[in-house]
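**Student:** only geometry, no sequence info:
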């Protein structure tokens with residue numbers, strides 16, 4: 001199974017690009033915020049039970065996807081200091097533990113100005129995503145956006161002026177995802 005691990009700061013377009021990528025290559029999308037919202041309904045964000053349960057669910061889904069022999073899965077991931085340092089290695093073990101598994105790390109970026117414009121967009125409220133520029137700045141200044149040890153990306157895509165469909169086409173062609181189907 002190929003796991004397309006789309007990551008970056010909040011607001012860079014991970015879910016938007018994932019949706020377009022899914023249309024092109026047939027991969028299913030595992031949107032990390034679904035798990036974050038679920039676990040946060042019971043446990044405070046960043047608390048020990050929150051962190052442990054969130055990551056256990058993420059890994060369980062990856063494991064079941066491998067067992068179900070999905071050819072491809074897209075995972076959206078926002079870098080965050082509450083993610084355990086062991087998480088990335090655990091993801092790689094689950095996916096690459098079989099002879100055909102591969103994690104494809106794709107970093108999405110955009111300019112600070114565009115990032116702040118996107119963060120304020122009302123569409124982000126659907127998944128209780130960060131939607132306050134003031135809060136984003138406070139989090140950024142406090143060091144909230146920490147890379148948990150993601151290896152060098154196979155591809156870095158600047159989405160500042162690149163429409164999501166074009167970003168998805170670039171990812172598909174550069175990573176050879178044209179033939180993937182879920």
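**Tutor:** That came through, no problem. Quick caveat: nothing in here was measured; it's all calculated off a predicted structure.
**Student:** Give me the contact list for stretch 43-59.
**Tutor:** With contacts defined as C-beta atoms under 8 Å, 6 or more residues apart in numbering, stretch 43-59 is touched by 30, 32, 35-36, 38-40, 42, 75, 82-84, 87, 90-91, 94. Backbone N, C-alpha and C define where each C-beta goes, glycine included.
**Student:** By neighbour count, which of those wins?
**Tutor:** residue 75 (24 neighbours; other C-beta atoms under 10 Å).
**Student:** ok, back up a step: which one among the contacts of stretch 43-59 gets closest to residue 106?
**Tutor:** residue 75 (10.1 Å; C-beta to C-beta).
**Student:** can you pull the contacts of that closest one?
**Tutor:** By C-beta under 8 Å, 6+ apart, the neighbours of residue 75 are 3, 4, 5, 6, 30, 32, 58, 62.
**Student:** How about residue 30?
**Tutor:** 58, 61, 62, 65, 73, 74, 75, 76.
**Student:** Kindly state the beta-bridge partners for the nearest residue to it once chain neighbours are set aside.
**Tutor:** Nearest residue to residue 30 in three dimensions, chain neighbours excluded: residue 75, at 4.8 Å (C-beta to C-beta, 6 or more residues apart in numbering). Beta-bridge pairing for residue 75 (DSSP bridges): residue 5, residue 30.
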